[in-house]
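**Student:** predicted structure and sequence below. I'll ask about it afterward.
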Amino acid sequence: MSNPATPEFKNLIAGEWTASVSGGTFDNVNPADTRDIVGRFQASSAEDARAALAAAAGAFAAWRRTPVAQRAAVLNRAAAWLEQHADGFANELTREEGKPLAQSRDEILRSAQVLRFYAVEGQSYAGETFPSDDPDMTVHTQREPLGVVAVITPWNFPISIPARKIAPALIAGNTVIFKPSSDAPLIGYRLAEAFAQAGIPSGVLNFITGRASEIGSVITASPVVRAVSFTGSTAAGEQIHRSLPLTTRTQMELGGKNPLIVMDDADLDRAVDLTIKGGFSLTGQACTGTSRVLVMQSVRDAFSEKLLAKVKTLKIGSGLTPGMDIGPLATRTQLDTVLDYVASGKAQATHLYGGERLSGPDYEHGYYVTPAIFTDVTQDMRICREEIFGPVIAIVTVTSYEDAIAKANDTEYGLCAAIVTSNPRHMHRFADDIEAGTVKINRTTTGNAINAPFGGLKRSSTSTFRESGRGGLEFYTQIKTVYRGI
C-alpha cells in the first residue's frame, strides 16, 4: 500500500502544473525496496496529450522569434538550477532507478553541462554563403526550427538522454512535448521544473506522463508534430517509425549487442576492468553496455580467471549505500527478463558465475541479481544474439583478428564496439572494419562525449540524424536556400 503522504507530481502543460483530466495516477517505486513509493504521477489521457500538442503549437511562433541569446539564457538558468539541487535530485534519481548515488549525481551534472554546451553552440549554428557567378546576387542558406517536436525517453538515463534531446531542440527555436518513461519519471519532472524555474515561456516545454499505449501515438502521429526523437528498444522504435506520417522527421537510438574484442597482446587487467565497467555498470542496463566479449583463444582462460576474481569482489546493494558497485535492476520486468536469459544461457553455454536472484533482509524487497558470466558461447545462442539489458556477459572464443571482426559484425545491431590491443595495426584496422556507429579503442563501450555525434548503424538506429554535438542541432533545423538579387 502506498503512503497517503506520497508526493504527487503533475504534468506541465501550457505553463501550468496540472492533473490529468482522467483523474488517474500511477505510483513510481524504488527498485531497491519496492515498499518505498517515490512519487505518484499522472496517468494522462489522450485529451491531456492533445492539450500539450495545442500548447506547443500555440507557443511556437513567439519562441522561434525569441532572440537566440535569450533562449540560451533560459538553458543556462535551467543548468544552474540542476547544479544547485544536484545532491537532492541525485537521491531521487537513485531511489526511482536504482543506480549508485555517485552515478546519479554525475548524470545530473552532466545534463547541466549539456544544457550549457547547447546554450553556446546553438548561437553559432547558422547557414552558409556560397559564391555566385552573378555579381548582383548573393546565395546563402538559413537554418530554421521545425516547429513542435516530441521527445520520448527511457528509464536508464532518465535525465541525461532527455537533456541531450531537449536542449538542442529549444535553442534552435522549437517547442517540445516531453514524455519520460513511466518507470523513472521523477527526474524528468525535475528537468521540466528546471526549465520552468528558468522562466521558459508558457507552452514552449510541455511535460506529460502516462502509458505509451494511452498517449504515445496521440503525440507521435499528430500532424502538428514535425519530428520525433526516441530512445528505447528496437521493437518500440520500429513500431513508432512505421506509424508516423511521411513528413515527420525521426531520430531513433535503439538497441545494441555491443562487442568488446580482447586480442592476445592486450593488457588483460585493463581488459577485465573495461569489461566490468562496460558490462556491469548501471547493472548492465545501458544500450551501449558490453554484452559480448570476444577473446583470443590463447588468452581466454587467463582472461576468464581474472574476470571471475574481480567480479566476485563487486558489492551489490542499494545505490544509496556508499561503496556499492551494482544496484538493483530497474523494474520487475527487467528482473524477469534477465533471469530468463540466464536460464537460457545455462541450458546452452558454460555457466561460469552468477545470475542468481539475491535474497535475505537486504535484498528481498528489491530486484537484485548477481552479475552473470558465460563461456563457450556460440553465435547461435540467445545470449549472444539478443539484447538482454542486464548484467550478463557472454564470452566468445576467437582465433584471429579476422575471426573476431566477423563474429563481432555477425549481429543485427551496430551501436558500439571496442577493442583492447597494443597493436597499432589492429587499432587502425578496427575503426574501418567494425560495423558500429561508435568505435572505442582501449576504452569501454559505454559513454560518449557531449560535443561528439552519437548513434548506431543497422537496427541500432534509423541512421538519419545523430544525437549530441552539432549533429543534435542539425536534426532540429531545416534549411532554406535564399537567392537575393539587387
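**Tutor:** It's in.

**Student:** can you give me the domain boundaries for this protein?
**Tutor:** The record's domain split for the chain, according to automatic domain parsing, is 8-254+461-485, 258-452.

**Student:** just put the ones you listed in CSV and tack on mean neighbour count and mean pLDDT.
**Tutor:** For every residue, glycine as well, the C-beta is placed using N, CA and C. Formatted as CSV, those follow (neighbours: other Cβ atoms under 10 Å; pLDDT from 0 to 100):
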stretch, mean neighbour count, mean pLDDT
domain 8-254+461-485, 20, 96
domain 258-452, 20, 97
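
**Student:** mind checking which helix or strand the most centrally placed residue in the chain is in?
**Tutor:** Taking Cα atoms, centre = their mean, the centroid of the chain lies closest to residue 161, which sits 4.7 Å from it. Assigned by DSSP states H and E, residue 161 belongs to helix 160-171.

**Student:** same question for residue 219.
**Tutor:** helix 217-220.

**Student:** which SSE is immediately downstream of that helix?
**Tutor:** strand 225-231.

**Student:** which other helices and strands does that next one contact?
**Tutor:** Contacts defined by 3 or more Cβ pairs under 8 Å, 6 or more residues apart in numbering; DSSP states H and E place strand 225-231 against strand 148-152, helix 160-171, helix 234-243, strand 249-253.

**Student:** got the angle for that strand vs strand 148-152?
**Tutor:** Interaxial angle, strand 225-231 versus strand 148-152 (axes from the mean of the first three to the mean of the last three Cα atoms, to 10 degrees): 20 degrees.

**Student:** ok and strand 225-231 relative to strand 249-253, angle-wise?
**Tutor:** 10 degrees.

**Student:** how about strand 225-231 as CSV, C-alpha atoms only?
**Tutor:** C-alpha atoms of strand 225-231 as CSV (Å, rounded to 0.1, in the frame of the first residue of the first chain):
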residue,chain,number,x,y,z
VAL,A,225,4.5,17.2,-34.6
ARG,A,226,7.3,17.8,-37.1
ALA,A,227,9.9,15.5,-35.5
VAL,A,228,10.1,12.6,-33.1
SER,A,229,13.3,11.8,-31.1
PHE,A,230,13.0,8.4,-29.4
THR,A,231,15.4,6.3,-27.4
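
**Student:** related to what we said a few turns ago, residue contacts, the residue nearest to the centre of the chain?
**Tutor:** Counting by Cβ atoms under 8 Å, 6 or more residues apart in numbering, residue 161 makes contact with 153-154, 231.

**Student:** what helices or strands is the helix holding residue 219 leaning on?
**Tutor:** Helices and strands touching helix 217-220, as assessed by 3+ Cβ pairs under 8 Å, 6+ apart, comprise helix 46-64, strand 148-152, helix 234-243.

**Student:** residue 320 is nearest to which of these?
**Tutor:** Proximity to residue 320, assessed across these by Cβ to Cβ, is greatest for strand 148-152 (28.4 Å).

**Student:** just the C-alpha atoms of the closest one, please, in CSV.
**Tutor:** The C-alpha trace of strand 148-152 is given here as CSV (Å, rounded to 0.1, in the frame of the first residue of the first chain):
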residue,chain,number,x,y,z
VAL,A,148,6.6,21.2,-32.5
VAL,A,149,8.9,18.2,-31.7
ALA,A,150,8.2,15.1,-29.5
VAL,A,151,10.9,13.7,-27.1
ILE,A,152,10.3,10.2,-25.8
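
**Student:** any idea which helix or strand comes after the helix holding residue 161?
**Tutor:** strand 175-179.

**Student:** now that following strand and strand 225-231, what's the angle there?
**Tutor:** Going by the same axes, to 10 degrees, strand 175-179 makes 40 degrees with strand 225-231.

**Student:** pull the residues that contact the next helix-or-strand element following strand 175-179.
**Tutor:** Later in the chain than strand 175-179, the nearest helix or strand by DSSP H and E is helix 186-197. Contact partners of helix 186-197, identified using Cβ under 8 Å, 6+ apart, comprise 9, 12, 15, 28, 38-39, 41, 74, 77-79, 81-82, 85, 89, 92-93, 96-97, 108, 111, 153, 158-159, 162-163, 166, 170, 178, 180-181, 205, 207, 209.

**Student:** next helix or strand past helix 186-197?
**Tutor:** Heading C-terminal from helix 186-197 (DSSP H and E), you reach strand 205-207.
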